[in-house]
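**Student:** Below are the sequence and a predicted model; questions follow.
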Amino acid sequence: MLFSGYMDESYDGAKRNLFVFSCLLARGKVWAEVGRAWKLQLAAVNRRLTNEGRPLISRYHASACSGCRDDFEGWSRDERDSFVRGLFSVIKRSKGMHSVAYTIELDDLCEIFPEWANDRLQAAYGLLPRFVMYTVGEDLYNFGQGRPARVTLFHDRTGGDGKYDPTILQAFNTQMSGSGFRYRDYFTTIAPLAWQDCIALQPADLVAFESFKKVEAEIEARKQRRSFEALMNMDAFGIHIKSFNRDILRNLRARMEADKTKIEQEEK
């Protein structure tokens, strides 16, 4: 079984505290069907905008859509919500999509790993892809009852200029070379893509953003947003959202230090 996974991140702008990294996974046939339906959905919206004499949209972009800015400037909230529900319906009609998301508060990460505090985003990009890969591999093993599968990963170009693309690649290579990674045979390669070249990055953006909003709502003790409730209720759609807390990070640091000590002793 051949799968493609599209990865994306979402974080809280200038504060740079809450950070989400996710992967939306499906087989090639499913991605082709989703891509066609997604384009049709965008085309329908642009036909309406043309008839109304309004600017067209180039794509779905989560933060711009949520804030009704850029392509979505002048949109009402009801109009925006109707558009997003239409995109959700594209995923809802698909069969065989699966998503994994990991969230972390960077304040906690830099408290436990102060040596990573100089570039908080780099720390997140270096850590979370490895855990996403592990969970994707674990899910493929469990759901596939051990049947062989191969996954090619793609991610949205980071920062617009690819600043953290090498960090993600290093995280992938570190995971693949680790002796404790039992699912390495599932993965082939990872590569960055620009949104202009890949329609699948738009549903990946949707999942990352809605996962972020869900966790943000939990932290702020607010009710879940309706859009995420729709995502969670999709037929045949699975999503794992896992969060790091300080205890998990402390245990992670202890394991990393123990592994480092073991390697140093073996080298002697």
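**Tutor:** Yes, it's here. Numbers count the residues shown, from 1 in each chain.

**Student:** CA only for contacts and neighbour counts going forward, please
**Tutor:** Will do.

**Student:** where along the stretch 51-200 of the chain do the strands fall?
**Tutor:** 97-105, 150-156, 187-193 (DSSP state E, counting those that start in this stretch).

**Student:** Mean neighbour count, mean pLDDT and distance to residue 181 for these - can I get that in CSV?
**Tutor:** Listed next are the strands of the stretch 51-200 of the chain as CSV, based on neighbours: other Cα atoms under 10 Å; pLDDT from 0 to 100; distance: least, Cα to Cα, whole Å:
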stretch, mean neighbour count, mean pLDDT, distance to residue 181
strand 97-105, 22, 91, 17
strand 150-156, 21, 96, 15
strand 187-193, 16, 96, 11
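
**Student:** What sits closest to residue 113 if chain neighbours are left out?
**Tutor:** residue 253 (7.7 Å; Cα to Cα, 6 or more residues apart in numbering).

**Student:** Show me where the stretch 51-200 of the chain has its helices.
**Tutor:** Residue ranges of the helices in the stretch 51-200 of the chain, as given by DSSP state H, counting those that start in this stretch, are 62-67, 77-93, 106-112, 120-143, 165-177.

**Student:** Rebuild those helices as JSON lines, extending it with distance to residue 29 and mean pLDDT.
**Tutor:** JSON lines is the format used below for the helices of the stretch 51-200 of the chain (distance: least, Cα to Cα, whole Å; pLDDT from 0 to 100):
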{"stretch": "helix 62-67", "distance to residue 29": "25", "mean pLDDT": "92"}
{"stretch": "helix 77-93", "distance to residue 29": "14", "mean pLDDT": "89"}
{"stretch": "helix 106-112", "distance to residue 29": "37", "mean pLDDT": "93"}
{"stretch": "helix 120-143", "distance to residue 29": "17", "mean pLDDT": "92"}
{"stretch": "helix 165-177", "distance to residue 29": "25", "mean pLDDT": "95"}
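
**Student:** follow-up on the earlier one: give me the buried stretch members for the helix or strand encompassing the residue nearest to residue 113, please.
**Tutor:** Assigned by DSSP states H and E, residue 253 falls within helix 246-267. In terms of neighbour count (16 or more other Cα atoms under 10 Å), helix 246-267 has its buried residues at 249-250.

**Student:** could I get that helix in CSV with only the CA atoms?
**Tutor:** Below are the C-alpha coordinates for helix 246-267, written out as CSV (Å, rounded to 0.1, in the frame of the first residue of the first chain):
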residue,chain,number,x,y,z
ARG,A,246,6.0,19.3,31.2
ASP,A,247,6.1,15.8,32.7
ILE,A,248,6.4,14.3,29.2
LEU,A,249,9.1,16.8,28.3
ARG,A,250,11.0,16.0,31.5
ASN,A,251,10.8,12.3,30.7
LEU,A,252,12.0,13.0,27.2
ARG,A,253,15.0,14.9,28.4
ALA,A,254,15.9,12.1,30.8
ARG,A,255,15.7,9.5,28.0
MET,A,256,17.8,11.7,25.7
GLU,A,257,20.5,12.1,28.4
ALA,A,258,20.5,8.4,29.1
ASP,A,259,20.8,7.6,25.4
LYS,A,260,23.7,10.1,25.1
THR,A,261,25.5,8.5,28.1
LYS,A,262,25.0,5.0,26.6
ILE,A,263,26.5,6.1,23.3
GLU,A,264,29.5,7.7,25.0
GLN,A,265,30.1,4.6,27.0
GLU,A,266,29.9,2.4,23.9
GLU,A,267,32.4,4.7,22.1
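
**Student:** follow-up on the earlier one: can you redo the helices of the stretch 51-200 of the chain as CSV with distance to residue 199 and mean neighbour count?
**Tutor:** Listed next are the helices of the stretch 51-200 of the chain as CSV, based on distance: least, Cα to Cα, whole Å; neighbours: other Cα atoms under 10 Å:
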stretch, distance to residue 199, mean neighbour count
helix 62-67, 14, 16
helix 77-93, 13, 16
helix 106-112, 30, 19
helix 120-143, 21, 19
helix 165-177, 19, 18
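
**Student:** Which of those sits closest to residue 15?
**Tutor:** helix 106-112 (9.7 Å; Cα to Cα).

**Student:** Tell me how far the closest one lies from the chain's centre.
**Tutor:** Helix 106-112 has its C-alpha centroid displaced from the chain centroid by 21 Å (Cα atoms, centre = their mean, to the nearest Å).
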